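Undergrad: I need the structure of the sequence given here:
(chains A and B)
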Amino acid sequence: MSARYGMVIDLDRCTGCGSCMVACAAENNVPALPQASARTGLTPILVYRASNGMEGNARRETFIPIMCMHCEHETPCVKVCPQQAVEVDKATGIVMQMPQRCLGCRYCMTACPYHARYFNWWDPSWPAGMEKSLNPGVAVRMRGVVEKCNLCHSRLHAAQEKAAATGKREIDPADYLPACVEACPTGAIRFGNLADASDPVSQEARSPQAFRLLARIGTEPKVYYKSKEPWVKALAESNPARSSEVQHG
Amino acid sequence: MKVTRRDLLVWSAGAAAGLLATPVPWKVLDDVSIWSQNWPWIPQASRGPVEVRQSFCTLCPNGCGLRVRMAAGWPVGVAGVNTNPISRGALCPLGFGAHQLNWHPQRLRTVRRLAGASSWNEAQAAFARARSEGPIVIIDGWPGRAASSVLESFAQKQGGSYRVAVGPEIRALSPYEAWSGVPATSLGYDLENAQTIVSFGAPLLDGWGTPGRFTRLWAERAAGMENPQLRLIHIEPSLSRTASRAWQWISVREGSESALAAGLAHVLIEQKLVPAHGPIPTVGLDEVAAQSGITADAIRELARTIAGHMPAVAISRDDDPAIAALNVVLGAVGARGGIVRRSKNAQTHISAETSIADARAVLIDASVPWNFVPQTGAEVFRFAAWDGGLNNSAWLLPAPGFLEDLTDVPSAPTSAVQTYAVAPALVKTTSDVRSAAQFLSALDPTLSSAETIIHARCSDLFRARAGRLCAQETMPVAQIASLQKLEEEIWKGAVWVGEPSEPGGLRCQLKEWPAGASSLPVQSWANAWTIPVLPPLASKVYIESNLREAPARRNA
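TA: Numbers count the residues shown, from 1 in each chain, chains lettered A, B, ... in the order given. Next comes the predicted model:
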């Protein structure tokens, strides 16, 4: 049975600690290059800080983690890639980026409505010896390719190998959690199979409080958000990554 | 047969067209693409058997449980341990990148004397000479460890002084020590049983205490709820990360927290909202309103809100006695859901802030925060794993880095219960580094080793037959068959958890409302306990986002 992996992010629980970003970078062997800036760094998951635009005691802030939304319908990056380096995996729903095929044209970055794709500007490098701390399950990517969240695909592989070793066709859901989900200290980021109606995350995604960023453009992202604050929901249609209310960089 | 120019062109065109019909050009294109992305000089991850080991984070005294993924003997990833009863599977963002710290460019690898190169032999000779010439002072930043016992024993044997530099959470508990005589290092917060937490600027959701403890509790009982089981009221001039997530944020003028605490106590006692537990502050409510910038009615309303959802406890970011006195008024001292005494046999230590003007030499353990700079003319021997850039030390001695040294992990500073665990050395050292305890043991071989002290502590736990051992499963110590079994579990990553604190173990009597505010300067709290350098990935995240102030590029 094909799965549709997705997330529900409860924004009322996010404290903006940044653990998800550090854990993601460690898991995916993202180098901490000193020349990288807010514009040129690789942040497969980036936590934005947004406010309600008020000042003084009326001011309220929220933190919005944004990564690849794994759009299900008319996936913009897939449509524009001339190299077929991006595809939606039919078995999992994960939008896969294949760096070996990518020629670095960055059409996909332009097409992505969520600004969730990053160009790899430099050869990866680490201080002497630090390469020993790299995750052996993930290849080090070269410069000149586009990077993004792939829902920690190496962890899915590991879960599939474990299932195969025990003669099972389906993975144990407990064996596959992306690094950001595992790292979130408040449980704000939840991960599950949206195609499974019994999955709590799938049920949460269908709740009235759940919403998606830029839902009106019809790409059907598989990353959902939740908040009780009306002004936070209003941000969803303005795209927090572009909103003038968002402080970034 | 004569080959004409036309034949050559036709043949070439045919060959080119034919080649396109074969897999060759596509295979070459594919291979070139792969080769060009895998040049031999590009770093590659270690290859080797992967195993998962349990340990504890040693970057600060909170000792969060760690699941360390090792490949070819090197740590390649860390995550929290869900069964850890204190950190509950969470880590701070620095912890997730800690496995890269041992290769940080500012890692200290050689002995330095006055910024020049030196050696361990010279350092030992210099310290031995200083010891014979005058009194020595040893400063520890993480008391209660086996290594702390070594440092303290050495200081006692040499007639020197052992002092402790504590973090902001313990400093915030120092007024209770002054009023009750119970050491602040043995006090903690019973957050799990509180229903209202009034934070006076304490960054409860931003690095305060054991990161997982309060964030998990807040997520379960408060996050996003209109009428939460746990109310977090945050009092701070600016909209901090904790303020933005609090149930109620009250913006007050900078420096008026003491006055507001007095105003709240005034209302609580005057309106009989709580049983009278302490003296009534003399300050008038109008004066408090003028100082704090919030109205007298708002202060009355806040007091009623707190009293309507008890037990309540106030947590200060510093050692403000007025906020401690508010806890006395609230009945939160020595009570369920308040400030509790977790241990009855803790010692009082001399603070590192006490004058050390007459010392001949000062030895600073690597656990002391880098921003602690001793005010002394003595010869300073500072142990550190990373160069923090600021110091007046004559000697800079390279200490073991992350998980490079065996250490035991005593109770976290804010914990309401006693805990004990052992973080074994999982990572081999790549240079000649020594801990302060090893350095002193080389000078005095009669000192007990850390292993011996840990063994003795495990024996004490086994003999007491109290508490429980938390690993994958929880097991009462009374049911553990042998000391060997208990030690085996502890060395594999289990945590010993003592019996819950009993209310009434701490009493503070106040005859009058304390005068004066915090004795501590306003400082960047977030930097108080952090290591002098950030893990490179944390630097990266802070540079590329606006979550926190970006660090200096040298740390990146």
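
Undergrad: Stretch B:75-82 close to chain A?
TA: Yes. Stretch B:75-82 lies within reach of chain A by CB under 8 Å from any CB of the partner chain, at B:75-80. C-betas here are computed from N, CA, C, even on glycine.

Undergrad: Can you mark which positions in that stretch are buried?
TA: For stretch B:75-82, burial by neighbour count (16 or more other CB atoms under 10 Å in any protein chain shown) applies to B:75-81.

Undergrad: Next: stretch B:99-115.
TA: B:99-104, B:106-108, B:111-113.

Undergrad: how long is that stretch end to end?
TA: 27 Å (CA to CA, to the nearest Å).

Undergrad: pLDDT averaged over that stretch, what's the number?
TA: The pLDDT scores in stretch B:99-115 average 90.

Undergrad: so how far is the first residue of stretch B:204-213 from its last?
TA: One end of stretch B:204-213 sits 10 Å from the other (CA to CA).

Undergrad: Would you check how far apart the most centrally placed residue in chain A and A:K222 are?
TA: Chain A has A:M67 as the residue nearest its centroid, 2.9 Å off, counting by CA atoms, centre = their mean. Separation of A:M67 from A:K222 (CB to CB, to the nearest Å): 11 Å.

Undergrad: thinking B:G73 is in contact with B:K428, fair?
TA: Yes. Assessed by CB atoms under 8 Å, B:G73 is found in contact with B:K428 at 6.9 Å.

Undergrad: mind listing what the residue nearest to the centre of chain A touches?
TA: Neighbour list for A:M67: A:24, A:44-46, A:116, A:148-149, A:180, A:223 [criterion: CB atoms under 8 Å, 6 or more residues apart in numbering or on different chains].

Undergrad: quick one on the thing from earlier: which members of the buried residues of stretch B:99-115 define the maximum pairwise distance?
TA: B:H99 and B:R113 (30.7 Å; CB to CB).

Undergrad: OK, now which residue of chain B is nearest to chain A?
TA: Distance from chain A to each residue of chain B (CB to the nearest CB) is smallest for B:G224, at 3.0 Å.

Undergrad: didn't that residue look like it was pressed against A:K228?
TA: Yes. With contact defined as CB under 8 Å, B:G224 counts as touching A:K228 (5.7 Å).

Undergrad: Identify the contacts common to those two.
TA: Residues touching both B:G224 and A:K228 (CB under 8 Å, 6+ apart) are A:D12.

Undergrad: Tell me which of these two has more neighbours.
TA: The residue with more neighbours, out of B:G224 and A:K228, is B:G224; 18 against 13, by other CB atoms under 10 Å in any protein chain shown.

Undergrad: What's the per-residue pLDDT of that one here?
TA: 84.

Undergrad: Now it: which helix or strand?
TA: Under DSSP states H and E, no helix or strand contains B:G224.

Undergrad: quick revisit: which one of the residues of stretch B:75-82 next to chain A is nearest B:V182?
TA: Among those, and counting by CB to CB, the member closest to B:V182 is B:G80, at 31.4 Å.

Undergrad: Neighbours of A:Q97, how many?
TA: Going by other CB under 10 Å, the residues that sit close to A:Q97 add up to 24.

Undergrad: Around the residue nearest to B:H266 when sequence neighbours are not counted, how many other residues sit close by?
TA: In this structure, B:H266 finds its nearest non-sequential neighbour in B:P281, 5.0 Å apart by CB to CB, 6 or more residues apart in numbering or on different chains. Neighbour count of B:P281, defined by other CB under 10 Å: 26.

Undergrad: Tell me the secondary structure at B:P281.
TA: coil (DSSP: H, G, I helix; E, B strand; the rest coil).

Undergrad: wouldn't it be in contact with B:L260 here?
TA: No. The pair B:P281 and B:L260 fails to qualify as a contact (CB under 8 Å) at a distance of 10.9 Å.

Undergrad: Now do the same for the residue nearest the centre of chain B: its pLDDT.
TA: Central residue of chain B (CA atoms, centre = their mean): B:C60, 3.2 Å from the mean position. With respect to pLDDT, B:C60 scores 89.

Undergrad: can you tell me which of the buried residues of stretch B:99-115 are in strands?
TA: B:112-113 (DSSP state E).
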